[in-house]
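Student: Predicted model and sequence below, questions to follow.
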Amino acid sequence: MQTEVKEIGPCKMQIKIEMPPDKIKEKLDAKYTDFMASATVPGFRKGLAPRALIERKFGKEIRDEVKNDLIISSCSDVFKEKNIKPVADPEIDFDKIMFDETKPLAFELVVEVEPIINLPEYAGIKVKKVPVELTDKDVDTALETIRQQHGEWQVLAKEKAKKGDMMVFNQETSIDGKRVHQNENSTMIIGQEVKFFGKPSADIGNSLNDMKSGDSKEVTIKVPDDAEKVEYRGKEAKLKITVKEVKRMNIPDLTEEWAKQIGLESISKMKEEVKKRLVIQKAKDDEYKIESQVLDAILEKTPFQLPESLVNEGVSYMLRRWTTQMLMEGHPEKEVAADLENMKTKAKGLAEKDIRIQFISDHIAKKEKIFVTEDEVNQRINELAGRYRKWPNEIRKYYEENQMMGQLRTDIREEKVRKLLREKAVITD
């Protein structure tokens, strides 16, 4: 097998491969032999149909399979022989590759590869500790968050809805006198936008502001000009709305009695526990800042180019992660969408830095034999479940469905590398 490898761009290689006819014939004969042994052809006992008949009936499928097998296996052999480490599947147009067992199988491919990285000495890097002071305001903010988390929705019998209230309502939508949509037990927070024909709309929320439990009204709203359903664009829709319930968040007062209800002896004890948690978090923040200083120092000494496909994947992952976090924190969809539009301009730079750190972490992890266990993955999923008030299986399902489990493991391994770098650093006050 003849090969030619040429660098054609940053982290991009062009590879030409030519396989001799005898190798093709050998693989083709072996495939026919295997196929004939198990083929069932009418008029012949199993395994006894002549090759000429098999070639007429199944020749194209067998030849295509052999061609694809040879291309894939030869690529794998070249990668191994030349120590090429692809970061994505190679670009190969299988249909354009000619296959004739009497002639060499010749083709070329383009593949993105890992960058070449020469690690500097990463032990003994000098960094400065910048501790973050804990203030009374930090404690007060944390206490307010706890109060919000313990709030409960209470049904209002006669009061009109106002901003921040939750409303449960039935909605019937008609266009040109014909009912086109019906929803029961829909919910919304007054002041937030809801989707109307696939597009965010504030009109529905505004029309509900002065309603209370048991009220009904009919309102007319114009269908957005860019609505998903083309036939309804620009038309007037009549909405019949019946309010079933109005709920208001009741946030508990910070009293001695409430402190006991949530399992603490007093407000002072609550503040003490909050301060302990904040001290732990501040210590983690201090550690993270030290680790970041070490990594920045390594990055400054380690210039290398990045594969374009990895940068694009990194941007997509970063946007998905921001979306997940904001939705789980309860932000409305329109706010999330608007925030993502703003973040796209920053995402590339952040993604490039993250990928550089991942490559450096990967090299250090291999050198230091740092691995991620399944127990560590399960522990992280449990932590995320507690943070977002979800079941662990919900978090795992979401990560699996969005192909984010690999990145989760990468994040854990990177954290272990960061810890190692911090332990090896020289920290000054």
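Tutor: Thanks, I have it.
Student: And the strands in the stretch 301-429 of the chain, which stretches?
Tutor: Secondary structure of the stretch 301-429 of the chain (DSSP state E, counting those that start in this stretch): strands located at 426-428.
Student: Please name every helix or strand in contact with the host helix or strand of residue 68.
Tutor: In this structure, residue 68 is located in helix 51-82 according to DSSP states H and E. Packing contacts for helix 51-82, counted by 3 or more Cβ pairs under 8 Å, 6 or more residues apart in numbering; DSSP states H and E, involve strand 2-9, strand 12-19, helix 21-38, strand 105-112. Just so you know, the C-beta spots here come from the backbone N, C-alpha and C atoms, and that holds for glycine as well.
Student: Mind listing what's buried along that helix?
Tutor: By 16 or more other Cβ atoms under 10 Å, the buried positions in helix 51-82 come out as 54, 58, 62-63, 66-67, 70-71, 74-75, 78-79.
Student: Save those as TSV, and put in pLDDT too.
Tutor: Shown next, in TSV, are the buried residues of helix 51-82 (pLDDT from 0 to 100):
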residue	pLDDT
54	86
58	86
62	90
63	88
66	91
67	91
70	92
71	92
74	92
75	92
78	93
79	93
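Student: what about residue 192, helix or strand, and which?
Tutor: Residue 192 belongs to no helix or strand, assigned by DSSP H and E.
Student: And the helices in the stretch 201-350 of the chain?
Tutor: Assigned by DSSP state H, counting those that start in this stretch, the helices in the stretch 201-350 of the chain fall at 203-208, 256-261, 267-301, 308-328, 333-368.
Student: I'd like those as a markdown table, with mean pLDDT appended.
Tutor: A markdown table is the format used below for the helices of the stretch 201-350 of the chain (pLDDT from 0 to 100):
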| stretch | mean pLDDT |
| --- | --- |
| helix 203-208 | 72 |
| helix 256-261 | 89 |
| helix 267-301 | 91 |
| helix 308-328 | 81 |
| helix 333-368 | 84 |
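Student: Show me the one of those that comes nearest residue 425.
Tutor: When the helices of the stretch 201-350 of the chain are ranked by distance to residue 425, counting by Cβ to Cβ, first place goes to helix 267-301 at 5.1 Å.
Student: Please save the CA atoms from the strand ranked longest in the chain in CSV.
Tutor: The single longest strand within the chain, with elements called by DSSP state E, is strand 236-250. What follows is strand 236-250, C-alpha atoms only, in CSV (Å, rounded to 0.1, in the frame of the first residue of the first chain):
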residue,chain,number,x,y,z
GLU,A,236,-56.7,38.2,13.7
ALA,A,237,-57.2,35.5,16.3
LYS,A,238,-59.9,35.5,18.9
LEU,A,239,-58.9,34.1,22.2
LYS,A,240,-61.5,33.0,24.8
ILE,A,241,-59.7,32.8,28.1
THR,A,242,-61.2,31.3,31.3
VAL,A,243,-59.1,31.7,34.5
LYS,A,244,-59.2,28.7,36.8
GLU,A,245,-56.8,29.8,39.4
VAL,A,246,-54.5,32.7,40.4
LYS,A,247,-51.6,31.9,42.6
ARG,A,248,-49.1,34.1,44.4
MET,A,249,-45.8,33.2,45.8
ASN,A,250,-45.8,33.4,49.6
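Student: Direction included, what does it pair against?
Tutor: Using DSSP bridges, the strands paired with strand 236-250 are strand 152-156 (antiparallel), strand 166-175 (antiparallel), strand 216-222 (antiparallel).
Student: Now do that strand, average pLDDT.
Tutor: Taken as a whole, strand 236-250 carries a mean pLDDT of 90.
Student: So for that strand, what gets flagged as buried?
Tutor: 237, 239, 241, 243-248.
Student: contacting residues around residue 392?
Tutor: Applying Cβ atoms under 8 Å, 6 or more residues apart in numbering, we find residue 392 in contact with 378, 381-382, 385.
Student: at 10 Å instead, please
Tutor: Residues near residue 392 by Cβ atoms under 10 Å, 6 or more residues apart in numbering: 378, 381-386.
Student: Do I have it right that residue 101 meets residue 63?
Tutor: Yes - Residue 101 is within contact range of residue 63, at 8.3 Å (criterion: Cβ atoms under 10 Å).
Student: Now do the shared contacts for these two.
Tutor: Taking Cβ under 10 Å, 6+ apart as the contact rule, residue 101 and residue 63 both touch 24, 28.
Student: From residue 251, how far out is residue 145?
Tutor: Relative to residue 251, residue 145 is positioned 11 Å away (Cβ to Cβ, to the nearest Å).
Student: next one: residue 171
Tutor: 29 Å.
Student: Looking at the two now, which is surrounded by more residues?
Tutor: Ranked by neighbour count (other Cβ atoms under 10 Å), residue 171 and residue 251 place residue 171 first, with 17 against 13.
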